[in-house]
Every structure is written in structure tokens, then in C-alpha cells.
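Trainee: Here is a sequence with its predicted model. Questions after.
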Amino acid sequence: QVQLGESGGGLVQAGGSLRLSCAASGRTFSDYSMGYWRQAPGKEREFVAIRWSGGRTYYADSVKGRFTISGGNAKNTVYLQMNSLKPEDTAVYYCAATDSDPVPWVKDEYDYWGQGTQVTVSS
């Protein structure tokens, strides 16, 4: 089994920055594609960003140019740097992973999910 450990998040003013971290542990023999989704109160969970196992990245239009996903030195670790945050970015952010190459915006393509971390952006 694979577990995803998340950290980061918190409360920040509009225009500020936060960094989220996610590390896979357990039976992580493969290189994983890892990404982030988010869910605001009363809304569907939505795709944010992905870093495929080969290193290529892809972003939702709503965060393009403001968020950056990158790999860490440790295998199967990713970071989400969030800059120029807006109140509409407020949500619980979930790390997700799969050992395949997923269609990034299809939730069912991800096999493992983190517990979620709250990001709140005040205006």
C-alpha cells in the first residue's frame, strides 16, 4: 500500500504565497505521477496541477502562471508553490498519485490520495 503525507497550507492574505509538500511512502517501487486537487465548500473536487513521472507538468487554467509544481530530491515527492493567491483559491488541497500516466483532470485515474490540507486566503 502507498500512503501520501501532506504538509504546508494555512492562512495567508490575498497576494501572498504558500508551499505545499507531498511525499509518498510505503510500497513505492515505481516512479509516480503526482498532482494536486482542491475542493472548496459546496463545490466539486477540481484538478489543480500534475507532475508526470517523467517530469512534465500541466496546470488548470485557473492557476497557470501563479502555481508551480516541482519534484523533490527524494523520489516520489512533489511541492506546489502557490504565489499571488486569491480568495477563490481557498479550499482543502489534496495530493494524489498513480503509477500510471493519467489524464490529469480525471479523478478516477489517481489511485492514492492524501488526507488534505486547508488553504485559506483572506481578502
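Mentor: Alright, I've got the coordinates. Numbers count the residues shown, from 1 in each chain.

Trainee: ok, which stretches of this structure are strands?
Mentor: 2-7, 10-13, 18-26, 33-39, 46-51, 57-59, 67-71, 77-82, 91-98, 112-113, 117-122 (DSSP state E).

Trainee: The closest residue to Gly72 other than its chain neighbours: neighbouring residues, count only.
Mentor: Distance criterion Cβ to Cβ, 6 or more residues apart in numbering; nearest residue to Gly72, sequence neighbours excluded, is Tyr79 at 6.2 Å. From N, CA and C alone the C-beta is placed, and that goes for glycine too. Neighbour count for Tyr79, taken as other Cβ atoms under 10 Å: 18.

Trainee: ok, Tyr79 to Ser7 distance?
Mentor: Using Cβ to Cβ, to the nearest Å, we find Tyr79 at a distance of 10 Å from Ser7.

Trainee: who touches both of the two?
Mentor: Here Tyr79 and Ser7 have 20-22 as joint contacts, going by Cβ atoms under 8 Å, 6 or more residues apart in numbering.

Trainee: Skip the chain neighbours and tell me the closest residue to the residue nearest the centre of the chain.
Mentor: Residue closest to the average C-alpha location in the chain (Cα atoms, centre = their mean): Tyr36, at 2.1 Å. Excluding the flanking residues, the one nearest Tyr36 by Cβ to Cβ, 6+ apart is Val48, at 4.3 Å.

Trainee: Go ahead and confirm that neighbour touches Tyr59.
Mentor: Yes - between Val48 and Tyr59 a contact is recorded at 7.3 Å, counting by Cβ atoms under 8 Å.

Trainee: shared neighbours of those two, which are they?
Mentor: Phe67.

Trainee: and these two? which has more neighbours close in?
Mentor: Neighbours were counted for Val48 and for Tyr59 using other Cβ under 10 Å; Val48 has more, 25 against 19.
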